[in-house]
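Asks: requesting a structural model of the entry that follows:
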Amino acid sequence: MEPPRLTSLEGRVLAVAGPGGTLGPTVVRRLAGAGAHLALCGRDQDRLDAIAGDAGGDIQTASVDLLDPAATRSWADGVASADGRIDGIVHLVGGWRGGPPIEEAPLEDWEALSTSLVRTLQNVTQASTRHLLASGRGRFVVVSAAQAQAPTHTNASYAAAKAAAEAWVLALAHRFRGSGASANIIVVGSIVSAGMRAESPDKDFSTFTPAEEIAEAIAYLVSDAAASMNGQRVTLRGAS
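Replies: Prediction:
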């Protein structure tokens, strides 16, 4: 799927959870550049402020422990109170562990990944669902991985956590049916950013998914143009 390029997200209030990784800065720049008002949250306030400063636009930041349900709810309620509503949530909290064969994989990897990939997602959805419903055109987008549907034995814990996260988002999509809100999943492969290309100009990134392409898909899914999309898995090149 090649989503159409958007001209504007003017007036939309979008919250981005966990933008501090490889993908986050590109997504924030794309959404801010389209005119959205953004609220960023994560643990590292300095990192959030640097991302916001680089992107420009109308961006607020807050240091929030997304593993704390009360703190997450307080953040979402605060964004909605300050801006009148929340029109979309982009969940970018990531994490990866893997490598050993399944019979040797430390089960502590599952505990760590289910915490970072699933529990934060659960807290964010529970904190934001009523706001997305109240918006009348609320959007929820999460970035997932091909291994959620095609796991390998050396990444069993990662694949299982991603699959659990996808199931949660699809259940959220079911909650949104008929409301005007939606929840969708973007499936990617390893992510490559402009900075990574600059640091390794001779590396072959042909099987990677460009951060710019993911950001464009996110911008589409949080827009009014995607009103008919709910409970969809959008697979971008490089994910196979």
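
Asks: let me know the helix or strand that R30 is in.
Replies: Using DSSP states H and E, R30 falls within helix 24-33.

Asks: identify all contacting residues around that helix.
Replies: 9, 14, 16, 18-19, 38, 40, 51-52, 54-59, 90, 92, 193-194, 211-212, 214-216, 218-219, 222 (Cβ atoms under 8 Å, 6 or more residues apart in numbering). The way it works is simple: take the backbone N, C-alpha and C, and place the C-beta from them, glycine included.

Asks: buried subset of these?
Replies: Buried subset of these (neighbour count, 16 or more other Cβ atoms under 10 Å): 9, 14, 16, 18-19, 38, 40, 51-52, 55, 59, 90, 92, 193, 211-212, 214-216, 218-219, 222.

Asks: helices - which of those land there?
Replies: I51, A52, A55, A211, E212, I214, A215, E216, I218, A219 (DSSP state H).

Asks: which among those gets closest to F176?
Replies: I218 (17.3 Å; Cβ to Cβ).

Asks: what's the closest one in contact with, if anything?
Replies: Contacts of I218 by Cβ under 8 Å, 6+ apart are V27, R30, L31, V90, V141, V143, I186.

Asks: name the next helix or strand following the helix or strand where the fifth one lies along the chain.
Replies: Element membership for V141 (DSSP H and E) is strand 139-145. Later in the chain than strand 139-145, the nearest helix or strand by DSSP H and E is helix 156-176.

Asks: go through that following helix and flag the buried ones.
Replies: 156-166, 168-170, 172-173, 176.

Asks: can you list the strands that the helix or strand that that helix is followed by pairs with?
Replies: From helix 156-176 onward toward the C-terminus, using DSSP H and E, the following helix or strand is strand 182-188. Strand 182-188 has its sheet partners listed here by DSSP bridges as strand 139-145 (parallel), strand 233-235 (parallel).
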